[in-house]
Structures are given as C-alpha cells and as structure tokens.
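K.L.:
Need coordinates for the below:
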Amino acid sequence: DSWGIFTFLCAALCNLPALPALNCSEELGASQSIQQTYDLTRYLEHQLRTLAGTYLNYLGPPFNEPDFNPPRLARAERVPSATVDLDLWRGLTDNARLTANYRAYSRLLCYLRVLDGQVGTAELRHRLAHFCASLQGLVLSIGGVMSSLGYPLPAGPAGPPAGPPEAPPAPNDFLKKMDDFWLLKELQTWLWRSAKDFNRLKKKVPPAVVTLRLEARGF
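P.N.:
Residues are numbered from 1 along each chain as shown. Reported below is the predicted structural model:
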C-alpha cells in the first residue's frame with residue numbers, strides 16, 4: 001500500500017551516505033581573483049590617464065607636449081622597464097610573468113610614494129595618494145592570484161617595500177622632471193601589458209564547474 005511504499009523510500013534515503021563537502025574553493029578562488037585583478041588593472045589604466053595628464057601639466061613644457069618623446073636616460077634604468085619583446089614575454093610561464101608584475105609594481109609604488117611627498121599642490125597630492133592606494137591593492141591582488149594558483153610569492157618581506165632603492169638625486173630640475181616623466185610612461189606600459197596578461201590568464205582558468213556524484217548504498 002501507499003504507506004508501505006513511503007516507509008520503504010524513507011528507509012532508503014536514511015541509508016544514503018552523507019554528502020561530502022564540496023572542495024572547489026581553490027579553483028573558484030583563482031578564477032575570481034584573476035577577474036578582480038584584471039578589473040583593477042583596467043581601472044588603474046583609466047585612473048592613470050587622468051593623473052598623468054594632470055602631473056605632466058604640473059611639470060610644464062616640454063613634458064606636457066603630446067609629441068614629447070625623449071630617449072630613456074641611464075638614470076631611468078632604476079625604474080622597472082616594460083619594454084620587452086612581446087613574443088619573448090608571452091613565451092614566459094604564467095608564474096614568471098606574475099612574478100615580474102609583482103616585483104615591478106612593488107618598486108613602481110615606492111617611486112610614486114616619493115612623488116607624492118614632493119608635489120606642491122594639495123589636489124595633485126590627493127590624486128597621487130589615491131592612485132598609490134589603488135596600486136598597492138593591485139600588488140596585493142597579484143599576490144592573491146599567485147597564491148590561488150599555487151605559486152610562491154617572490155622572496156623578500158611580505159607586501160611592497162617601504163621605499164625605492166637608493167639612488168643619487170637628479171643633478172638639476174630638468175633631469176628630475178625627466179625621471180618623473182619616465183616613471184609615468186613605464187607605469188602606463190606595465191598596466192597596458194598586465195591587462196592583456198590577466199585577460200589571457202582568466203581564459204585559461206575558467207569558472208569552476210561543480211559536479212555532484214551520489215553513490216547510493218544497496219538497500
């Protein structure tokens with residue numbers, strides 16, 4: 001009868017094993033972390049366009065002229081350069097590219113903080129401080145991506161270093177402005193390339209697909 005069938009079904013369900021916890025947090029975490037890092041990189045690209053225009057106007061001519069494209073001086077070699085052959089860059093492993101990004105932005109952040117302490121207008125200081133906070137978030141976000149993919153963080157103290165490597169001050173005001181110009185130029189190139197890196201990476205690590213497998217015991 002119907003009561004007997006109901007009793008039989010209840011007994012069968014009670015004998016099913018408990019479902020194990022779904023362990024998809026690592027893959028899901030990696031996918032979300034990459035997407036968030038990509039979004040932050042694009043946001044910083046947009047933010048830098050406004051900041052660079054304001055800062056170059058602060059430096060004055062010829063630095064704010066659209067066709068100003070000076071050669072990179074030896075002093076500018078202190079700033080991490082993003083000028084690398086694209087085929088060579090793409091041939092690196094994901095771990096190597098992430099490590100290079102993490103180290104570069106950590107150093108660029110230090111130089112930007114020095115700029116923040118040198119500018120003479122409150123509005124520009126506010127914009128630089130806001131950008132530095134966003135860039136520090138990018139460094140931490142890249143570290144999160146590396147951890148979620150099982151890659152070790154670069155050797156050194158946790159988080160971005162407190163200051164840039166020691167370097168002699170610029171001998172004159174023009175060379176100091178040239179240092180600032182190249183800092184912004186390299187940062188712009190790094191962000192452009194990083195956005196492409198994270199766009200490719202998020203396609204390699206698709207969102208996790210959860211599959212349930214039920215193994216019923218015999219009645």
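
K.L.:
Could you measure from the nearest residue to residue 81 once chain neighbours are set aside over to residue 123?
P.N.:
Spatial nearest neighbour of residue 81, excluding adjacent residues (CB to CB, 6 or more residues apart in numbering): residue 186 at 6.0 Å. Using the backbone N, CA and C atoms, a C-beta is placed for each residue, glycine as well. Distance of residue 186 to residue 123, given as CB to CB, to the nearest Å: 24 Å.

K.L.:
When these two are compared, which one has more neighbours?
P.N.:
residue 186 (20 against 10; other CB atoms under 10 Å).

K.L.:
Tell me the secondary structure at the more buried one.
P.N.:
Look at residue 186: counting by DSSP: H, G, I helix; E, B strand; the rest coil, its state is helix.

K.L.:
check contacts around it.
P.N.:
76, 79, 80, 81, 82, 108 (CB atoms under 8 Å, 6 or more residues apart in numbering).

K.L.:
change it to 7 Å
P.N.:
By CB atoms under 7 Å, 6 or more residues apart in numbering, residue 186 lies in contact with 79, 80, 81, 82.

K.L.:
From these, pick the one nearest residue 103.
P.N.:
Nearest to residue 103, judged by CB to CB, of the contacts of residue 186 is residue 80 at 7.2 Å.

K.L.:
which residue sits closest to the closest one, ignoring its sequence neighbours?
P.N.:
residue 104 (4.0 Å).

K.L.:
Am I right that that neighbour is in contact with residue 187?
P.N.:
No - Residue 104 is beyond contact range of residue 187, at 9.0 Å (criterion: CB atoms under 7 Å).

K.L.:
neighbour count winner among the two?
P.N.:
residue 187 (26 against 21).

K.L.:
which residues touch that one?
P.N.:
48, 108.
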